[in-house]
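Trainee: take this sequence and fold it.
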Amino acid sequence: MGKLTLSEIWIYPIKSLAGIRLSRARVMQKGLQYDRRWMLVDEAGRFLTQREHPEMALFQLVIDKEQLLIKSLTSTKSPESISIDLIPTLKEQYLKVKIWDDEVEAVEANPTYSHWFSEKLKFTCKLVFFPEGNKRDIDPKYAHEKEQVSLADGYPFMIIGQSSLDDLNSRMKVALSMRRFRPTFVFTGGAPFEEDKWKFFRIGKNKFKGVKLCARCVLPTVDPDTGIKGKEPLATLATYRKVDNKILFGQNLIPIDYDEVCEGDEIELEA
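Mentor: The predicted structure follows:
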């Protein structure tokens, strides 16, 4: 099988905007620290993603100390970038917002941020923050001990093997980057799709449980560099990764331990 090594760590501080690659990160119950604690919602309070608005890919994010710097690659007259607190001081009242079938309480940290995004996206939206203490349960069918999740689609972590992407790219006319699939963790070593079968395993000091294969929506068809939607890679994946009408790529995880993960950590599978 060979050595399994954690090769990439990703967070997505604002749901459905570009990710940030880290060399180390803190594991928390809802996901990695700062991962998907913010999201954009429409006027009805419903979450917004690249599924309907692929141009959301055109916001680049960088962490600078306690700040999140957001740069827009869309062309409008408002400032090209803004800076927001990674963890805002919360004074405002809670709003009820919807993410899939869940209704959670979030806060519009600063209307100025919402106005900036509304100008860039050319429709009215709000940027909301989901505080660490606020509840959102994962699907109880897959819970280990009533785990919580941030504003990720359903689970706090997702892992994909580099071999799995290499296998996909061997069938594609144009190779795609792992960014299309928005994983938390990428690892090297092992066979394609071996992560499908993982149950309990360790990344460095942290134990995780694999709970459910990731059924892919249209989001991987959005080019993260251009914000343009196409047919790939779903068209190719559908030829060999379709089960019960779902296209599977990646394994969703829940944490058992809460320590730090680092690029280069060894992954050990439990028998």
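
Trainee: what about L168, which SS state?
Mentor: helix (DSSP: H, G, I helix; E, B strand; the rest coil).

Trainee: apart from its neighbours in sequence, what residue is nearest it?
Mentor: If the residues on either side of it in the chain are set aside, L168 comes closest to P233, at 6.0 Å by Cβ to Cβ, 6 or more residues apart in numbering. In short, each C-beta sits where N, CA and C put it, glycine included.

Trainee: so where do the strands sit in the stretch 151-271 of the chain?
Mentor: All strands of the stretch 151-271 of the chain, identified by DSSP state E, counting those that start in this stretch, fall at 157-161, 185-188, 200-203, 206-215, 242-243, 246-255, 260-262, 267-269.

Trainee: give me whichever of those strands is most buried.
Mentor: Mean neighbours per residue, mean count of other Cβ atoms under 10 Å, is largest over these for strand 157-161, with a mean of 25.

Trainee: so which elements touch the longest helix seen in the chain?
Mentor: Counting by DSSP state H, the longest helix found in the chain is helix 111-121. Secondary-structure packing of helix 111-121 (3 or more Cβ pairs under 8 Å, 6 or more residues apart in numbering; DSSP states H and E): strand 81-85, strand 126-129.

Trainee: chain center to that helix, what's the gap?
Mentor: Here helix 111-121 is found 22 Å from its chain centre; the criterion is Cα atoms, centre = their mean, to the nearest Å.

Trainee: run through who's touching it.
Mentor: Under the contact criterion Cβ atoms under 8 Å, 6 or more residues apart in numbering, helix 111-121 has outside partners 40, 53, 55-56, 59, 72, 74, 76-79, 82, 84, 108, 124-127.

Trainee: mean confidence for it?
Mentor: For helix 111-121, mean pLDDT is 96.

Trainee: quick one: it to strand 81-85, angle?
Mentor: For helix 111-121 against strand 81-85, the angle by axes from the mean of the first three to the mean of the last three Cα atoms, to 10 degrees is 150 degrees.

Trainee: next, the buried residues of helix 111-121.
Mentor: Residues 113-121 are the ones in helix 111-121 that count as buried (16 or more other Cβ atoms under 10 Å).

Trainee: and stretch 53-60, by the same measure?
Mentor: Buried residues in stretch 53-60, counting neighbours by 16+ other Cβ under 10 Å, are found at 53-60.

Trainee: same question, stretch 189-199
Mentor: 189-190, 193-196, 198.

Trainee: who touches it?
Mentor: By Cβ under 8 Å, 6+ apart, the residues outside stretch 189-199 that reach it are 1-5, 159-161, 163-164, 166-167, 187, 209-210, 213, 248, 250-251, 267, 269-270.

Trainee: centre of the chain to it, how far?
Mentor: Distance of stretch 189-199 from the chain centroid (Cα atoms, centre = their mean) equals 20 Å.

Trainee: how about stretch 89-104?
Mentor: 19 Å.

Trainee: contacts for it, please.
Mentor: Stretch 89-104 has contacts (Cβ under 8 Å, 6+ apart) with 39, 41, 44-47, 105-109, 126, 128-131, 134-136, 151, 153-154.

Trainee: mind redoing it with 10 Å?
Mentor: 15, 36, 39, 41-42, 44-47, 49, 105-111, 126, 128-131, 134-137, 139, 149-154 (Cβ atoms under 10 Å, 6 or more residues apart in numbering).

Trainee: ignoring the adjacent residues along the chain, who's closest to E263?
Mentor: Among residues not flanking E263 along the chain, S23 sits closest, at 5.0 Å (Cβ to Cβ, 6+ apart).

Trainee: I figured the one you found hits I9, correct?
Mentor: Yes: taking contacts as Cβ atoms under 10 Å, S23 lies within contact range of I9: 7.1 Å.

Trainee: between the two, tell me which one has more neighbours.
Mentor: Between S23 and I9, I9 has the larger neighbour count (other Cβ atoms under 10 Å), namely 22 against 10.
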